[in-house]
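1. just to be clear, the model below is a prediction. Sequence and coordinates:
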Amino acid sequence: MSRTLEAGSNPTADQAPPLQHLLQHWRDYYELTKPGVVALMVFTAIVGQLLASPGTLPWNALIVGNLGIALAAGSAAAINHLVDWRVDARMKRTQGRPLPTGHLRTTHAVAFAGTLGIAGLGLLFFAVNPLTAYLTFGSLIGYAFIYTLYLKRATPQNIVIGGAAGAAPPVLGWVAVTGTIDPHALLLFLIIFVWTPPHFWALAIHRREEYASVDIPMLPVTHGDRYTRWQILFYTLLLVGVTLLPFATGMSGLIYLAGALVLGARYLYYGIAMLRRPEDPSLPMRSFGFSIVYLMALFAVLLVDAYLPIVIGPFIG
Ligand code: HEM
Ligand SMILES: CC(C)=CCC/C(C)=C/CC/C(C)=C/COP(=O)(O)OP(=O)(O)O
């Protein structure tokens, strides 16, 4: 077996005492947590928290709650690296990760994931509220085990179903403040749930050959490039419809409506362009990049819409 296929063969990782080992390899551990993804998830959780408590800052949920959610999500991401390291070693995009390269041993990664998970869920249970801890635990199991271990390898609908775990953070944030599941929080869940397929399938089109080579049944592998592009357009249209719901239900106002329409129009442009110009190899990854800007901006606009009147209210009487 080649060295890149032996997870955890690095001798310096073996011998150093635990603290020194952590300091030496902090970058590898950091990478295990998928920090970019977790950062956006925490942002959506913050928006959930601030919408749950207009006008007052829910400090405990903001600080302890988000720390707990980030630790649990980082733990789930590290378990995903552990479950997938053999597959990751065979795909160009992922072969430089800490486990396939042998920068970290699997036993160390197991200890790291376990510590993060217990710390995160413990914080949520004891210092926030039990319901937030239960729901976060469900999301962790949903992503790390149900999606990664089973769905990812079983069906091209893997990311549609598995997307539920990644869509949970605004609900987790909301529950961290109120202790109950609010229908408005479920609207935010629905937005991320419907956003996930166009987010991921654009990347999957670009990486179709890699997924095919490791027998992961992503939609472009099982149903082809063109069918996936139509599905992306279908979900983007659905997304534009779903993003109107916060306005339609009176949860958000005109600032949000304008932002959602402008962002939705841009996202639809990518969906249509990908169908009209299948020969343009740059479009799928540009659409993937825009999906991240889109979600960040949409949640930022939700916040601006809710807080602008509170912030400028005193100045305009
Ligand atoms: C099942 C659901 C999801 C799947 C399959 C998925 C898949 C992916 C993949 C394959 C990448 C590329 C990682 C790389 O660059 O190697 C990625 C990046 C990213 N995803 Fe997702 N994603 C999902 C859900 C989410 C959710 C719910 C969020 C946030 C709310 C999110 C935010 C991001 C961000 C911010 C990046 C860029 C990370 C970076 O460049 O560091 N994703 N996603
Ligand atoms: C507790 C809680 C909120 C949990 C959420 C967990 C979480 C970090 C979800 C991330 C979703 C994601 C990046 C999926 C890609 O996995 P992949 O295996 O398809 O992608 P890869 O090939 O890049 O690893």
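-> Now that the structure is in, tell me what you want to look at. Residues are numbered from 1 along each chain as shown. Ligands and ions are numbered 1, 2, ... in the order given.
2. helix or strand next in line after the helix or strand hosting residue 228, which one?
-> Assessed by DSSP states H and E, residue 228 sits inside helix 225-242. Sequence-wise, the next helix or strand downstream of helix 225-242 (DSSP H and E) is helix 245-248.
3. residues of this protein that sit close to ligand 1?
-> 36-37, 40-41, 44, 93, 159, 162-163, 166-167, 192, 196, 199-200, 203, 292, 295 (Cβ under 6 Å from any ligand atom). C-beta here means a position set from N, CA and C on the backbone, and glycine is covered the same way.
4. so which of those are also by ligand 2?
-> With Cβ under 6 Å from any ligand atom as the criterion, the residues of the chain next to ligand 1 include 37, 41, 166 near ligand 2.
5. pull out the buried positions in the longest helix along the chain.
-> Counting by DSSP state H, the longest helix found in the chain is helix 283-316. For helix 283-316, the neighbour count (16 or more other Cβ atoms under 10 Å) marks 283-284, 287-288, 290-291, 294-295, 297-299, 301-303, 305-306 as buried.
6. what's the answer for stretch 109-123, then?
-> Quick answer for stretch 109-123 (16+ other Cβ under 10 Å): 109, 112, 113, 116, 117, 119, 120, 121, 123.
7. same deal with stretch 224-240?
-> Across stretch 224-240, burial judged by 16+ other Cβ under 10 Å covers 228, 229, 231, 232, 233, 235, 236, 237, 239, 240.
8. between the ones next to ligand 2 among the residues of the chain next to ligand 1, which is nearest residue 129?
-> residue 41 (19.1 Å; Cβ to Cβ).
9. number of residues surrounding the closest one?
-> Neighbour count of residue 41, defined by other Cβ atoms under 10 Å: 28.
10. could you list which residues are in contact with residue 308?
-> Contacts for residue 308 (Cβ atoms under 8 Å, 6 or more residues apart in numbering) come out as residue 255.
11. and the spatially closest residue to residue 29 that is not a sequence neighbour, which of the three is it?
-> In this structure, residue 29 finds its nearest non-sequential neighbour in residue 112, 5.7 Å apart by Cβ to Cβ, 6 or more residues apart in numbering. Of the three states, residue 112 takes helix according to DSSP: H, G, I helix; E, B strand; the rest coil.
12. how many residues are close by the residue in the stretch 101-250 of the chain that ligand 1 sits nearest to?
-> Closest contact between the stretch 101-250 of the chain and ligand 1, by Cβ to the nearest ligand atom, is at residue 166 (2.7 Å). By other Cβ under 10 Å, the residues close to residue 166 number 24.
13. what of residue 93?
-> Counted with other Cβ under 10 Å, residue 93 comes out at 12.
14. grab the nearest non-local neighbour of it.
-> Counting by Cβ to Cβ, 6+ apart, the residue nearest residue 93 is residue 207, at 6.1 Å.
15. picking that back up, to the chain's geometric centre, what's the distance from the longest helix of the chain?
-> Mean-position distance between helix 283-316 and its chain equals 17 Å (Cα atoms, centre = their mean, to the nearest Å).
16. now swap in stretch 268-287 and tell me
-> Counting by Cα atoms, centre = their mean, stretch 268-287 comes out at 23 Å from the chain centroid.
17. report the buried residues of it.
-> 270, 271, 274, 283, 284, 287.
18. for that stretch, how far is the first residue from the last?
-> Terminal residues of stretch 268-287 are spaced 10 Å apart (Cα to Cα, to the nearest Å).
19. residues making contact with it?
-> Identification of contacts with stretch 268-287 by Cβ under 8 Å, 6+ apart yields 198, 202-203, 205-206, 225-226, 229-230, 232-233, 236-237, 240, 267, 290.
20. do stretch 234-243 as well
-> Against stretch 234-243 from outside (Cβ under 8 Å, 6+ apart): 187, 190-191, 194-195, 197-198, 260-261, 263-264, 267-268, 270-271, 298.
21. ok, the closest residue to residue 158 other than its chain neighbours - contacts?
-> Nearest non-adjacent residue to residue 158, counting by Cβ to Cβ, 6+ apart: residue 151, 4.1 Å away. Contacts for residue 151 (Cβ under 8 Å, 6+ apart) come out as 157, 158, 161, 162.
22. kindly report the same for residue 38.
-> So, once contact is read as Cβ under 8 Å, 6+ apart, residue 38 ends up touching 70, 73, 74, 77.
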